[in-house]
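Colleague: structure for the following, please:
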Amino acid sequence: TSKIFPLNASVMFFTNVSSQHCDQLHSRLQEDNKGNLELLGSHMRATIPLECIGDIADFSPLHEENVMSMNEASHEEDAKIAIQEMLQQTDLIFKQGHAELFWDETSLRNFHTGLDQQIKRLETCQSAAFGAGTSPRAQKLQLTRLRVKRYFQGLNDFLKDKQYSSCAWEIVQIQLRECFLLIHQLTKYGDRCLF
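Modeller: Take a look at the predicted model:
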């Protein structure tokens, strides 16, 4: 029994630390999201160049189901799934060929590192029911994840169709800024936080 006590104490300590970590999740997400918005904003142009206007027209009809419709995800689990998927998909977009993306390597690396940390925090705090099962709740969560993936697939297709041009990156960055603004809304539902 003396060997079991240290193991139980370790498990209790880890559970307590993990619980404290998850209790602070919404404030950490809000803080990190603010950093994401600032970093993204610092690498975007103040106005869209005139030569990009045609690309905006090409992009708009493709995205009638805007990711902003995700603000319906007012349930905590829906919000966490939507946020996690938006962060993962944003990270994937920025890992593509980015010769026309006006980011220095240090900023890009910091952005990836920050997104990765946020994703891991969300994964740590998610309940086991999030990703598995065939219950109506699990299916709804999977639908939330698929809606976000479909939106980001449209962004990826747009970049590819426009051969990753600087105009395409400008438009995609505007859309990603909207995603980070949505994450802010999802982590702060009115005056009360979702998490």
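Colleague: what residues of stretch 115-125 count as buried?
Modeller: Buried residues in stretch 115-125, counted by 16 or more other CB atoms under 10 Å: 115, 118-119, 121-122, 125. Heads up, the C-betas are built off the backbone N, CA and C, glycines and all.
Colleague: shaky segments in the chain?
Modeller: Within the chain, the stretches with pLDDT under 70 are 1-21, 60-74, 97-100, 127-133, 189-195.
Colleague: helix or strand for Leu92, which one?
Modeller: helix 76-94 (DSSP states H and E).
Colleague: where exactly do the helices run in this structure?
Modeller: Ranges of helices within the chain are 4-23, 25-42, 53-59, 76-94, 105-125, 136-161, 166-187, based on DSSP state H.
Colleague: and among these, the most buried is which?
Modeller: Among those, the stretch with the highest mean neighbour count (mean count of other CB atoms under 10 Å) is helix 76-94, at a mean of 21.
Colleague: any idea how far that one is from the chain center?
Modeller: 3 Å (CA atoms, centre = their mean, to the nearest Å).
Colleague: and for stretch 142-161?
Modeller: Distance, centroid of stretch 142-161 to centroid of chain: 12 Å (CA atoms, centre = their mean).
Colleague: and what of stretch 163-174?
Modeller: Counting by CA atoms, centre = their mean, stretch 163-174 comes out at 18 Å from the chain centroid.
Colleague: who's in contact with it?
Modeller: Outside stretch 163-174, the residues within contact range by CB atoms under 8 Å, 6 or more residues apart in numbering are 40, 43-45, 48-49, 51-52, 55-56, 59, 93, 96-102, 155, 158-159, 161-162.
Colleague: ok, stretch 82-92 next?
Modeller: Contacts of stretch 82-92 (CB under 8 Å, 6+ apart): 29, 67, 70, 73, 112, 115-116, 118-119, 122-123, 126, 144-145, 148-149, 152, 155-156, 176, 179, 182-183, 186-187.
Colleague: put the alpha carbons of that stretch into CSV.
Modeller: C-alpha atoms of stretch 82-92 as CSV (Å, rounded to 0.1, in the frame of the first residue of the first chain):
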residue,chain,number,x,y,z
ALA,A,82,-15.4,25.3,-33.3
ILE,A,83,-12.5,27.2,-31.8
GLN,A,84,-10.1,24.2,-31.8
GLU,A,85,-10.9,23.5,-35.4
MET,A,86,-10.5,27.2,-36.5
LEU,A,87,-7.1,27.3,-34.8
GLN,A,88,-6.0,24.0,-36.4
GLN,A,89,-7.2,25.1,-39.9
THR,A,90,-5.6,28.5,-39.5
ASP,A,91,-2.3,26.8,-38.6
LEU,A,92,-2.6,24.6,-41.7
